[in-house]
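A.B. asks: Predicted structure and sequence below. I'll ask about it afterward.
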Amino acid sequence: MAVRISSRIFPSMDRDGAVVIAASALRSLDYGFLSVFLGVYLSILDFSVLQAGLVFSAIMGGGTLSNAIASWRGDTIGRKRMLLVMAVLMGVGGLLYPFASNVTGLVLISLIAMTTSTGGDRTAFLSLDMSILAQAVEPRSRTAAFSWYNIIGRLTKALGSLVIAVPAVLQAWFGIGELDSFKMMFWAYAGVAFSGVGVYWLLTPMAERKKMAASDVQRTMPRETRSMMIRLTALFSMDALGGGFMVNAFISFWFTSRFGVSLESIALIFFAGQILNSVSLALATPLAGRIGLIATMASTQVISNSFMIFMALTGNYWLAVGFFMLRELSNEMDVPTRQSYSMAIVPPEARTATAGMTNLGRTFAQTISPALAGVVAQATFIGAPMITGALIKLAYNAALYMTFRTVKAPEEEAVSELQTPPD
């Protein structure tokens, strides 16, 4: 019998749901640190915008490969086994980063490091976590579960963004050189990454997809489901392409280059932004309950990307910070709704493939866009990539709403039927 964990605050879920949330929280601590830290670290190494973009793209490339494997063979390999291997690779990447200071070395390490430059998870960690979490809760609690998955991760990511101030402390208190103080932080990153191995080890056999007879396999992926997956993947890839032009590492690079912002100030800016992200995530469930999953995804992103354009165009530091905060407050409401929606409209047996395929598309798109952002910035001005990304995402919002506004999640269909008066 599965053990269910519940409280007045958290939705009821199986133990495996709690495990993936805990593992995600630890991973997000590292991701929050590295997504801000890496841009500053590359600046210290005197990397150009183009060189930094290549490193960011290599990170995305590793995530793309992991999602391809998860989509095609994840359930065959085993969700738990694949998560454990990836957690080990993440730790190994952290151990190797300090030993490379050139573009080639950092690109090669980034390909296997299972990490992020965006602050968000673009690896198969997310794809497999989504599949496990979706089956660990009741359908009516799915969006709330994904909200908490993201809220807790966002809070630990906020703590991680504060860790970027530690190198300054090491330099001031212990006289450690700037570059050496940054390299030391990778060891702490690796320690947190390896702790994820122990957490994922607690997953039960219930985390895996239910075994099916060979005659049932084809029925789990009917033509309608495949068509839905392709449309979702195309649209989510467009969204991610735009997002790749304004990853956190690039935004920290932009603040440093545009305004000469100190390391401590960047840490505080991103910490405040992560807190506002958590508020945004908390608002997603009640808003989706009122206007629907698709409407929530589309409308909130129009607001968010408008603020990003304003931020990129301003030449005033405090206005830029203000627009960034408003953007972060509205930016994350589409995350749990997107995850919940993509898991809701396909059969349970197709969830890993759907999560892997949509995240594969997103990661592939963000593999190329950071490098393109570097080219755009060098050809025009440093804020141009953020404007380009925001415009792409605005086009995605319109396409998403027009394509899926009539396709509702099962629990939304049930509510609609209850609210429809009898003939």
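C.D. replies: Now that the structure is in, tell me what you want to look at.
A.B. asks: Skipping its backbone neighbours, what lies nearest residue 258 in space?
C.D. replies: Setting aside the residues directly before and after it, residue 258 is nearest to residue 382 in space (C-beta to C-beta, 6 or more residues apart in numbering), at 6.0 Å. The C-beta positions use only the backbone N, C-alpha and C, and glycine is treated the same way.
A.B. asks: what kind of secondary structure is that neighbour in?
C.D. replies: When classified by DSSP: H, G, I helix; E, B strand; the rest coil, residue 382 comes out as coil.
A.B. asks: Could you shift the numbering so residue one becomes 731, and keep it that way?
C.D. replies: In the new count, where the first residue is 731, that last one comes out as residue 1112.
A.B. asks: can you count the residues close to it?
C.D. replies: Neighbourhood size, residue 1112 [other C-beta atoms under 10 Å]: 17.
A.B. asks: Same check on residue 996?
C.D. replies: 22.
A.B. asks: circling back: where does the residue nearest to residue 988 land on pLDDT?
C.D. replies: pLDDT recorded at residue 1112 is 84.
A.B. asks: and what of residue 970?
C.D. replies: So, for residue 970, pLDDT stands at 88.
A.B. asks: Report the contact partners of it.
C.D. replies: Each residue near residue 970 by C-beta atoms under 8 Å, 6 or more residues apart in numbering is listed here: 852, 1091-1093, 1095-1096, 1099.
A.B. asks: 6 Å instead?
C.D. replies: Residue 970 is in contact with 1092, 1095-1096, counting by C-beta atoms under 6 Å, 6 or more residues apart in numbering.
A.B. asks: Skip the chain neighbours and tell me the closest residue to it.
C.D. replies: Leaving aside its sequence neighbours, residue 970 sits nearest to residue 1092 (C-beta to C-beta, 6+ apart; 3.6 Å).
A.B. asks: ok, and for the host helix or strand of that neighbour, which residues are buried?
C.D. replies: Using DSSP states H and E, the element containing residue 1092 is helix 1081-1109. Within helix 1081-1109, the residues that count as buried by 16 or more other C-beta atoms under 10 Å are 1081-1104, 1106-1107.
A.B. asks: Would you state the strands of the stretch 731-880 of the chain in chain order?
C.D. replies: For the stretch 731-880 of the chain, the strands defined by DSSP state E, counting those that start in this stretch cover 734-735, 743-744.
A.B. asks: If you average pLDDT over each of those, which is lowest?
C.D. replies: Taking the mean pLDDT of the strands of the stretch 731-880 of the chain, strand 734-735 comes last: a mean of 58.
A.B. asks: So which elements touch the one helix or strand residue 1133 maps to?
C.D. replies: Element membership of residue 1133 [criterion: DSSP H and E] is helix 1114-1134. Here helix 1114-1134 touches helix 953-973, helix 1023-1043, helix 1081-1109, going by 3 or more C-beta pairs under 6 Å, 6 or more residues apart in numbering; DSSP states H and E.
A.B. asks: Tell me who's in contact with the closest residue to residue 1128 other than its chain neighbours.
C.D. replies: Among residues not flanking residue 1128 along the chain, residue 1028 sits closest, at 7.6 Å (C-beta to C-beta, 6+ apart). Contacts for residue 1028 (C-beta under 6 Å, 6+ apart) come out as 1127, 1130-1131.
A.B. asks: on that earlier part again, next, format the helices and strands packed on helix 1114-1134 as TSV and append distance to residue 1055.
C.D. replies: Putting the helices and strands packed on helix 1114-1134 into TSV (distance: least, C-beta to C-beta, whole Å) gives the following:
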stretch	distance to residue 1055
helix 953-973	18
helix 1023-1043	9
helix 1081-1109	22
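A.B. asks: sorry, back to before: out of the contacts of residue 970, which one sits closest to residue 869?
C.D. replies: Taking C-beta to C-beta as the measure, residue 869 sits nearest to residue 1092 out of these, at 24.0 Å.
A.B. asks: show me where pLDDT drops low in the stretch 781-930 of the chain?
C.D. replies: Filtered on pLDDT under 70, the stretch 781-930 of the chain yields no residues whatsoever.
A.B. asks: Lowest average pLDDT across the helices and strands packed on helix 1114-1134?
C.D. replies: helix 1081-1109 (a mean of 83).
A.B. asks: Can you name the residues that contact residue 926?
C.D. replies: Contacts of residue 926 by C-beta under 6 Å, 6+ apart are 753, 756-757, 817.
A.B. asks: Let me know the helix or strand that it is in.
C.D. replies: Per DSSP H and E, residue 926 falls inside helix 908-930.
A.B. asks: any idea how far the residue nearest to residue 988 lies from residue 903?
C.D. replies: Using C-beta to C-beta, to the nearest Å, one obtains 33 Å as the distance from residue 1112 to residue 903.
A.B. asks: returning to that earlier point: check the offset of the helix holding residue 1133 from the chain's centre.
C.D. replies: In terms of C-alpha atoms, centre = their mean, to the nearest Å, the centre of helix 1114-1134 is found 18 Å from the chain centre.
A.B. asks: Now do the buried residues in it.
C.D. replies: Neighbour-count burial for helix 1114-1134, counted by 16+ other C-beta under 10 Å, picks out 1114-1120, 1122-1124, 1126-1127, 1129-1130, 1134.
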